[in-house]
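Enquirer: okay, sequence plus prediction incoming.
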Amino acid sequence: MGDNPATFSWWGLTWPAVPEMGLPPELKYADVQVVFNHRSIHLEGPPAADHTVFVHVRYSTRARAQWLAAQAGLRVIGDSQHGW
């Protein structure tokens, strides 16, 4: 792959319920995408020198992405992008 942009996705996951946030388990919008050497979900625009992890969640439950990042000791660092 070298410096070339690439993407790898995991589909068919299930996000767990987050009762303290009023979120039930999520089946339909539960995907993870790793983008190498780019910051765009669709590999649009110029390449980047780093990698990005996109967590696909329902737009109305964007707080789930923040909760998921916090479980790994991380935080959401960018704006939402319209995915698949």
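Expert: Done, it's in. Owing to the predicted nature of the structure, the values given are computational and were not obtained by experimental measurement. Numbering: from 1, shown residues only.
Enquirer: with only the CA atoms kept, save the lowest-mean-pLDDT helix or strand in the chain in CSV.
Expert: Between all helices and strands in the chain, the lowest mean by mean pLDDT, DSSP states H and E belongs to strand 52-56, at a mean of 87. C-alpha atoms of strand 52-56 as CSV (Å, rounded to 0.1, in the frame of the first residue of the first chain):
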residue,chain,number,x,y,z
THR,A,52,-8.5,7.7,10.1
VAL,A,53,-11.0,5.4,11.8
PHE,A,54,-14.6,6.1,10.9
VAL,A,55,-17.4,4.7,13.1
HIS,A,56,-20.7,4.4,11.2
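Enquirer: partner strands of it and their direction?
Expert: strand 31-36 (antiparallel) (DSSP bridges).
Enquirer: buried set for the strand it pairs with?
Expert: Asp31, Gln33, Val35, Phe36 (16 or more other CB atoms under 10 Å). The way it works is simple: take the backbone N, C-alpha and C, and place the C-beta from them, glycine included.
Enquirer: how about the closest residue to the first one other than its chain neighbours, what does it touch?
Expert: So that's Asp31. In this structure, Asp31 finds its nearest non-sequential neighbour in His56, 3.8 Å apart by CB to CB, 6 or more residues apart in numbering. His56 sits next to Tyr29, Ala30, Asp31, Val32, Gln33, Gly83, Trp84 when contact means CB atoms under 8 Å, 6 or more residues apart in numbering.
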